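K.L.:
could you work out the structure for the sequence below:
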Amino acid sequence: MKLSFFGAAQCVTGSCHCLEANGKKILVDCGLQQGRDEVSNEEFPFAAGSIDVVLVTHAHIDHSGRIPMLIKQGFQGRIVTTRLTADLLDIMLQDSAHIQEADAEWKNRKGARSGAPHVEPLYTIEDAARVREFLTPCEYGEKVQLCEGVTAEFVDAGHLLGSASILLDVTEGDVSKRIVFSGDIGNVSQPIIRDPTPITGADYVVMESTYGDRNHEAVWSYTDDLAAIIDETIAKGGNVVIPSFAVGRTQELLYFIREIKDQKLVKSNPDFPVYIDSPLAKKATTIFTGDLHGYLDEDALELVKDGTHMFNFTNLRMTETSEESKALNADPTPKVIISASGMCDAGRIRHHLKHNLWRPECAVVFVGYQGEGTLGRTLLEGAKSVKLFGEEIAVAAKIVNYHGLSSHADRDHLMGWIESFKAPKPQHVFVVHGDREVAPFFAKTVEGMGFSAHAPQYTEVYDLATCTQLEKGFLPERKAKPAGGGKTSSAYERLVAVGEMLMASIRRSRGRDNKSLARFADQLRQLLEKWEA
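P.N.:
Residues are numbered from 1 along each chain as shown. So this is what the prediction gives:
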């Protein structure tokens, strides 16, 4: 009974874990690595044909994005997930395949001029379409027999429509264990979806730690805050550009904007135009208005009784073609543009940033986590300019970050989630899906709560029958992009690492007394002024 870690090991994306029991291999998630390129997406550290079952916690690409590649390389088993995740996978993976094909085509056009070797996409739209042949949908609470001695149950993780934590009951010989995979644990009191379902016991837990070092900012009213930035920007004649994941976050934004319009909170133009510039978001929104009983919270269920009222408001337009998307940037009318991808690493959002970042009257509003190495993180960290489509673009627009809109549980709620495991209390907690500075830090937090815990490394293998490590993993070398385009020195990498430690310390200081915070800030300012002198 072995557990191997093939992704999201001290990084936030690329979730992939493998359980071996009774001669079978069960993969939990098969995600695409995004942002900083630590591990190649092009190769699996295992033979695709050796996997018997894939369990998918939810449809986000960092948990599902390499499933078509798995099938392309010889997987012949079952893919088990909730009914609504199965529906979302069908559209999300084809959209991901379109991006893979477009990126490969662009690289080949560019490479033809320089003599670079031909590039193949990770997978094609045809590969993605094959995924539905392997899908076995289930409902929350349903017991699914995976193979001899292994049963799975999906419970609501409260992160995305259809998202789940997975409970595996495994018997091998005379040893029986319950292993819980958290998936992405949702924030509480989100619109549309329910809060995460508590789990009371397990022998082992594999849990995420995306926000394991900080709490979300207290936001009394998302609606009021979002309305204020829209009002301010439109009054100046600018556009509000919102990079957003097409599934989940976009629908939440529509929910908030419906409230803003109903309450006429934008005084400069109460009926401001809103564009959803993502064919994927349009398709996903139709799923959000289908059969959702058993998935929505009570408030949302009341709204959907009259059809699509949950997202229905005047002056909402959804673009389909690339020509319609381009026309948005030629239209001088102030507007809200919601476009994918959420971390700005692909898709139409990059074109909208190119046309709006340099305009001081515009605003870019981030409403979700931005992974290391992504364009979104670069903008949040205060970049003065960024390169888009080979052109240097000045950053003059207002950059806004709404931490409170995250669909991930924050530090306190992660602690509350693991604290509910009491009967039985886990023998060990594996902390995954967190940055290299965050996952080990949160593992220490979990240890401080009385659990045995650590943050596994890539390719680490654990024997669950004896609770011992069989093989040590490793941390792939980071391939940070240098600011000036040249190779980064080890001294610079060290400076960056210390800077990240400093930011983690600043975040942990939230809530301390004002006198201590002021002294800390003054000491930092003195150090910076001395260095810059």
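
K.L.:
for the rest of this, base every contact and every neighbour count on C-alpha atoms.
P.N.:
Noted.

K.L.:
what about Arg411, how many neighbours?
P.N.:
19 (other CA atoms under 10 Å).

K.L.:
swap in Gly14?
P.N.:
25.

K.L.:
show me what whichever strand in the chain runs longest packs onto, helices and strands only.
P.N.:
Longest strand of the chain, by residue count under DSSP state E: strand 164-172. Counting contacts by 3 or more CA pairs under 8 Å, 6 or more residues apart in numbering; DSSP states H and E, strand 164-172 packs against strand 150-156, strand 175-181.

K.L.:
out of the ones you listed, deepest packed?
P.N.:
Compared across the helices and strands packed on strand 164-172, strand 150-156 shows the largest average neighbour count, a mean of 22 (mean count of other CA atoms under 10 Å).

K.L.:
which helices and strands sit right next to that one?
P.N.:
Secondary-structure packing of strand 150-156 (3+ CA pairs under 8 Å, 6+ apart): strand 143-147, strand 164-172.

K.L.:
thinking again about what came up before, so how far is the longest strand of the chain from its chain's centroid?
P.N.:
23 Å (CA atoms, centre = their mean, to the nearest Å).

K.L.:
sheet-wise, list the partners of it with their directions.
P.N.:
Strand 164-172 sits in its sheet next to strand 150-156 (antiparallel), strand 175-181 (antiparallel), going by DSSP bridges.

K.L.:
need those strands in TSV with mean pLDDT, can you?
P.N.:
Formatted as TSV, those follow (pLDDT from 0 to 100):
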stretch	mean pLDDT
strand 150-156	98
strand 175-181	98
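
K.L.:
for Thr223, find the nearest of those strands.
P.N.:
strand 150-156 (25.6 Å; CA to CA).

K.L.:
that closest one vs strand 143-147, what angle?
P.N.:
On the basis of axes from the mean of the first three to the mean of the last three CA atoms, to 10 degrees, strand 150-156 is oriented at 140 degrees to strand 143-147.

K.L.:
could you dump the helices and strands packed on strand 164-172 to TSV with distance to Val432?
P.N.:
Compiled in TSV, the helices and strands packed on strand 164-172 are given as follows (distance: least, CA to CA, whole Å):
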stretch	distance to Val432
strand 150-156	19
strand 175-181	10
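
K.L.:
with respect to Leu265, which of the ones you listed lies nearest?
P.N.:
Going by CA to CA, the one of the helices and strands packed on strand 164-172 nearest Leu265 is strand 150-156, 33.6 Å.

K.L.:
got the contact list for that closest one?
P.N.:
21, 81-82, 139-146, 162-171, 194-197 (CA atoms under 8 Å, 6 or more residues apart in numbering).

K.L.:
from what I see, Tyr140 and Thr82 are in contact.
P.N.:
Yes: at 6.9 Å, Tyr140 counts as touching Thr82 under the criterion of CA atoms under 8 Å.

K.L.:
look at the two and report which has more neighbours.
P.N.:
Shown here are Tyr140 and Thr82; by other CA under 10 Å, Thr82 has more neighbours (28 against 19).

K.L.:
for that one, give me the backbone phi and psi.
P.N.:
Dihedral pair for Thr82: phi -70, psi 160, per degrees, to the nearest 10.

K.L.:
leaving out the residues flanking it, which one is nearest to it?
P.N.:
Excluding the flanking residues, the one nearest Thr82 by CA to CA, 6 or more residues apart in numbering is Cys138, at 4.7 Å.

K.L.:
in the stretch 301-450 of the chain, which spans are helices?
P.N.:
Per DSSP state H, counting those that start in this stretch, the stretch 301-450 of the chain carries helices over the ranges 322-330, 349-356, 375-380, 411-419, 439-448.

K.L.:
the first one to helix 349-356, inter-axis angle?
P.N.:
I take that to be helix 322-330. Angle, helix 322-330 to helix 349-356, by the same axes, to 10 degrees: 30 degrees.

K.L.:
still on that earlier bit, wait, which of the helices and strands packed on strand 164-172 is closest to Glu437?
P.N.:
Taking CA to CA, strand 175-181 is the member of the helices and strands packed on strand 164-172 nearest to Glu437, at 21.5 Å.

K.L.:
show me what secondary structure element comes after the closest one.
P.N.:
Downstream of strand 175-181, the first helix or strand assigned by DSSP states H and E is strand 204-208.

K.L.:
show me what that following strand is packed up against.
P.N.:
For strand 204-208, the elements it packs on are strand 175-181, strand 428-432, judged by 3+ CA pairs under 8 Å, 6+ apart.

K.L.:
same thing but 10 Å
P.N.:
strand 164-172, strand 175-181, helix 411-419, strand 428-432, helix 439-448, strand 453-454 (3 or more CA pairs under 10 Å, 6 or more residues apart in numbering; DSSP states H and E).
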